[in-house]
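Engineer: for reference, the sequence and a predicted model appear below.
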Number of protein chains: 2
Amino acid sequence: MFQVPTKTQYAIRALVHLVRAKSASVASIAEAEHIPFKYLEAIFGQLKSAGLLSADRGRSGGYRLAKDPELILMSEVVRATEGEIKPVECLNNATFCVVSEGCLPRRFWQGLKRAVDVYLESVTLAEIAEPGFMAAAALVQEEAPGASE
Amino acid sequence: MFQVPTKTQYAIRALVHLVRAKSASVASIAEAEHIPFKYLEAIFGQLKSAGLLSADRGRSGGYRLAKDPELILMSEVVRATEGEIKPVECLNNATFCVVSEGCLPRRFWQGLKRAVDVYLESVTLAEIAEPGFMAAAALVQEEAPGASE
DNA sequence: CATATTCAGAGTAATTTAGTAGGAATTTAT
DNA sequence: ATAAATTCCTACTAAATTACTCTGAATATG
């Protein structure tokens, strides 16, 4: 559940790559990160539209971050590739929610959305490009037996 | 993004219904909650396997909660319908993660998983069946302009 | 002017989600 | 006993989403 689309995973890997590379062509990033070239090209189009990347066309062109990675929130990245976070339809559309029980679960979904939003807004691209990011916290999680599926 | 499958939404609506109804047939719940009968039947099979529902077969049979709603965590419900929360493949499978950059984003996804898990484990079925649930917190969220898509 | 790049839009393939169909097994009311 | 109402089981189909691919134009540069 909550499987994140490869599109978003690719976007983030590529952005992390650009934190270090400063500037690079789609082709070079695609190769380094093992991402299908044409797909990444399309993804970069979205990231550019969202104001996260700038591009230079022509022979020695390429992409670079449009702002400092410290200023790029992960919520922006996710929004750029997937649109707004919206676990259920009725969250943006109160009139839709006319099922019986007065749609009690709505509040629950709203809380979930909030939990995700808060997290995504608490992390910047610069942070996840940093090898030490969340190292301690992650270890705790790692201890768990780890059920599959 | 993070669209929750209708299957899970149906499951939760039906469970909330059962918190009040004590016992009911799939047919009656499906009608009351506007859920396709045959689909709900299949969903209840999963919820029963997961130990959340008990069933009585035969003419005056039906489903009921297998335990008190105070003891049913929403994480259990979601796991029952969708399996483990796992934003990216490599979280349960460290060897898979052999992309360049040493897969820095992994920690980020782990944090997201954690944020969602913590939330889902903090809420019980009994709570979301309660009309006052999260009323105050939700209002704050409601104020936001609410972009679409 | 050849080449390397971004950019744009349509089209296809694969996967997942959503829902149907048909009927067997079980219990109960009459 | 029997008919009806239910859960239960398996397979199938349909719709939607995701993940790409294809073609080629626009643009800059060495």
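Structural biologist: Structure's in. What do you need? Numbers count the residues shown, from 1 in each chain, chains lettered A, B, ... in the order given.

Engineer: now do the SS call for whichever residue of chain A sits closest to DNA strand D.
Structural biologist: Nearest residue of chain A to DNA strand D: A:Gly58, at 2.5 Å (C-beta to the nearest atom of the strand). Every residue, glycine included, has its C-beta placed from N, CA and C. Under DSSP: H, G, I helix; E, B strand; the rest coil, A:Gly58 falls in the coil class.

Engineer: look at it and say how many residues are nearby.
Structural biologist: 6 (other C-beta atoms under 10 Å in any protein chain shown).

Engineer: same check, this time on A:Leu40
Structural biologist: A:Leu40: 23 neighbours (other C-beta under 10 Å).

Engineer: enumerate every residue touching it.
Structural biologist: A:Tyr10, A:Ala14, A:Val26, A:Ile29, A:Ala30, A:Glu33 (C-beta atoms under 8 Å, 6 or more residues apart in numbering or on different chains).

Engineer: quick one on the thing from earlier: what's the residue of chain A closest to DNA strand D sitting at in phi/psi?
Structural biologist: phi 90, psi -180 (degrees, to the nearest 10).

Engineer: show me where pLDDT drops low in chain A?
Structural biologist: A:90-102, A:135-149 (pLDDT under 70).

Engineer: residues in it within reach of DNA strand D, list them.
Structural biologist: Listed as neighbours of DNA strand D in chain A under the rule C-beta under 7 Å from any atom of the strand: A:5-7, A:36-39, A:42, A:56-61.

Engineer: mind giving me the packing neighbours of the one helix or strand A:Thr81 maps to?
Structural biologist: In the assignment (DSSP states H and E), A:Thr81 maps to helix A:74-82. When contacts are defined as 3 or more C-beta pairs under 8 Å, 6 or more residues apart in numbering or on different chains; DSSP states H and E, helix A:74-82 sits against helix A:6-21, helix A:37-49, helix A:105-122, helix A:125-128.

Engineer: just give me how far it sits from the chain centre.
Structural biologist: In terms of C-alpha atoms, centre = their mean, to the nearest Å, the centre of helix A:74-82 is found 5 Å from the chain centre.

Engineer: over to stretch A:78-91?
Structural biologist: 12 Å.

Engineer: before we move on, the earlier item: and the residue of chain A closest to DNA strand D, how far from chain B?
Structural biologist: To chain B, A:Gly58 is 27 Å away according to C-beta to the nearest C-beta, to the nearest Å.

Engineer: do you know how far that residue is from A:Glu31?
Structural biologist: Counting by C-beta to C-beta, to the nearest Å, the gap from A:Gly58 to A:Glu31 is 20 Å.

Engineer: kindly report the same for A:Ser75.
Structural biologist: 29 Å.

Engineer: ok, A:Leu65 next?
Structural biologist: Distance of A:Leu65 to A:Glu31, given as C-beta to C-beta: 20 Å.

Engineer: tell me which of these two has more neighbours.
Structural biologist: Neighbour tally, A:Leu65 and A:Glu31, criterion other C-beta under 10 Å: the higher count belongs to A:Leu65, 20 against 13.

Engineer: return the residues in contact with that one.
Structural biologist: A:Leu15, A:Leu18, A:Val19, A:Leu52, A:Leu53, A:Ser54, A:Ile72, A:Leu125.

Engineer: repeat for A:Thr81
Structural biologist: A:Pro5, A:Lys7, A:Thr8, A:Ala11, A:Ile43, A:Gln46, A:Leu47.

Engineer: now with 6 Å?
Structural biologist: A:Lys7, A:Thr8, A:Ala11, A:Gln46 (C-beta atoms under 6 Å, 6 or more residues apart in numbering or on different chains).

Engineer: out of those residues, the closest to chain B would be?
Structural biologist: A:Thr8 (7.9 Å; C-beta to the nearest C-beta).

Engineer: in contact with the closest one, which residues?
Structural biologist: Taking C-beta under 6 Å, 6+ apart as the test, what A:Thr8 contacts is A:Thr81, A:Glu82.

Engineer: could you do A:Ile128 as well?
Structural biologist: B:Leu104, B:Pro105, B:Phe108.
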